[in-house]
Each structure stands twice: as structure tokens, then as C-alpha cells.
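>>> What shape does this take:
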Amino acid sequence: YALFSDPITRIGGEKFSYQIPTYQALKGVLESVYWKPTLIWYIDEARVMKRIQTQSKGMRPIKYTSPENDLAYYTYLKDVCYQVRAHFEWNEHRPELAHDRNEHKHHNIAKRMIERGGRRDIFLGTRECQGYVEPCVFGEGKGFYDGCGKLNFGVMVHGFDYPDETGKDEMSVRLWKSARLENGYIRFPAPNDDSPVILTRFIKPMKAKVFEDEAGFSGLNEPEFRALLGESGDEA
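Coordinates of the predicted model:
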């Protein structure tokens, strides 16, 4: 299952999934696979492999105004499968982490983490929708929407801009005006492009977290991470 819902409607109790994954949800999957504040993941495109189907479930969420349970219906996507092509770039707004910019190292670690199913739990849009990742050749195999032309989905949330990735002391949301599926492929506009199909709206002031060697970040020399990869401490 997957639930790629509009954040604006999530507080209403009745959650309904978009028909296709959002840029931010796929970026979150990659960050669960492997992430360091040194780098930023960019989703280039995704491919929908199976038919888009939905299923509604009765849920008992806790009310905001009391400890009692409420009744709501959540509409999920079911039996989902996607191929994703992405890349990472250095976070230029983190000059204090320039010493950690080792492309060969980060690339190999990311590949190994994908082969092992990710470093953290994988979920599709929301926590209760568990998923898994595995390596694939992008574009390989038969997809349900191959040769089906264009399917338009209107305005969708594209993602969020955080201060550590933009250099601005604010958080904002990006809206994608012309989200569409073309022969099974979703080609996402880059978040840092001045594209006419991307609308940006301010949400609130926010400061970027400060990372230092002795406070919250140890780069590639993290002992627990090296133990997971079976590496010695002298390699970086």
C-alpha cells in the first residue's frame, strides 16, 4: 500500500492518496536508504509499473480535541511498484561539511544500501505503508502504462524547501502545476529550476540545523556505520 496525500488535506481526518507518488515522497525513500547532510538527493524520473488502484479502509484515529477515537476512511493506493532514477549533488549550503564530499565513497555506500534494502525503514508516503527497495535497471521490463500516452493529474504538491538546502531562513512548499504520466513515466521538474510549472509558497520561518564534528555529525567516520559495512576506520 501507499498513501501520497496532499499535506493540506491531511488534517481533515479523511486522507486520500494522489494517483502517483510525489517528488518529496520518493526523495524520502532515498533518504531512508542512505543520506548525509553533505548531499541532496534529486529525483529525475519515476516509472509506474503496475495499474493504479485504490482501496479505502476504515480507521480509528485519535481526535485532536479529546483522547477518544474517531472514525475516518483512508483511501490508499494498493499493489504499487515503481522504478526510480535519481542522483545526488553536494549541498553547497553546507560549507562546513566540505571535507565529507567524497563522491566515490558516498556513491558506493548508496549502492550497497540499496542492495541491502536501505539503512532505515522504507515507507511509501506514510508510516503505516511499509515498502522495500532493490536494485533495478531503469526502463527494463514491461509497465502497465507503456504506450498509453499522457495522463494529466493537475496540481500536485511537489515537495518542501528546507533552509539547509536553499540557504534561506524559511520553509516553503512547491506545487507542480502540470503533473502528468507519459507512457508510464513521471518526469519531475528539478526543485532548483526556475520552471513555470513550479509554484513556491512560503510556510514559516525556520533555521538550518548546525552540524559539527562533535555535535550531531561524524561524516564517513561514523563507527556504527563502518561496522555495518564491515569497513576499517582507516579507509576514508
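>>> low pLDDT regions in this protein?
Along the chain, the parts satisfying pLDDT under 70 run over 12, 212-236.
>>> just checking, what packs against the helix ranked longest in it?
Counting residues, the longest helix found in the chain (DSSP state H) is helix 103-115. Identification of packing neighbours for helix 103-115 by 3 or more CB pairs under 8 Å, 6 or more residues apart in numbering; DSSP states H and E yields helix 23-33, strand 82-90. C-beta coordinates here come from the backbone N, C-alpha and C atoms, glycine included.
>>> Repeat the analysis, applying 7 Å as the threshold.
helix 23-33 (3 or more CB pairs under 7 Å, 6 or more residues apart in numbering; DSSP states H and E).
>>> Surely residue 25 and residue 122 touch.
No: applying CB atoms under 7 Å, one finds residue 25 not in contact with residue 122, separated by 11.1 Å.
>>> Run the chain-centre distance for stretch 75-83.
15 Å (CA atoms, centre = their mean, to the nearest Å).
>>> same deal with stretch 158-177?
14 Å.
>>> And stretch 188-200, by the same measure?
Distance, centroid of stretch 188-200 to centroid of chain: 16 Å (CA atoms, centre = their mean).
>>> Which one's more surrounded, residue 25 and residue 122?
A count of neighbours by other CB atoms under 10 Å puts residue 25 above the other of residue 25 and residue 122, at 23 against 17.
>>> Could you pull up the residues touching that one?
By CB atoms under 7 Å, 6 or more residues apart in numbering, the contact list for residue 25 reads 4, 124, 125.
>>> How much space separates the first one from residue 127?
The one in question is residue 4. 13 Å (CB to CB, to the nearest Å).
>>> Could you check which of those two is surrounded by more residues?
residue 4 (23 against 9).
>>> so the more buried one touches residue 125, yeah?
Yes: the pair residue 4 / residue 125 is scored as a contact, 4.3 Å apart, by CB under 7 Å.
>>> Now do the closest residue to residue 51 other than its chain neighbours: how many residues are near it, please.
Distances taken as CB to CB, 6 or more residues apart in numbering put residue 144 closest to residue 51, at 4.7 Å, once the chain neighbours are dropped. Applying other CB under 10 Å, we find 12 residues neighbouring residue 144.
>>> All further residue positions should be reported with the first residue as 30.
Yes, from this point I'll number from 30; that puts the last item at residue 173.
>>> Would you agree residue 173 falls within a helix?
No: under DSSP: H, G, I helix; E, B strand; the rest coil, residue 173 sits outside any helix and is assigned coil.
>>> Please report the distance of it from residue 78.
Between residue 173 and residue 78 the distance, using CB to CB, works out to 7 Å.
>>> show me what contacts the spatially closest residue to residue 235 that is not a sequence neighbour?
Nearest non-adjacent residue to residue 235, counting by CB to CB, 6+ apart: residue 200, 4.3 Å away. Applying CB under 7 Å, 6+ apart to residue 200 gives the contacts 189, 190, 191, 192, 232, 233, 235.
>>> any idea which helix or strand carries residue 200?
Using DSSP states H and E, the element containing residue 200 is strand 199-211.
>>> can you pull the contacts of the nearest residue to residue 102 once chain neighbours are set aside?
Nearest residue to residue 102, sequence neighbours excluded (CB to CB, 6+ apart): residue 85, at 5.0 Å. Residues counted as contacts of residue 85 (CB under 7 Å, 6+ apart) are 102, 103, 104.
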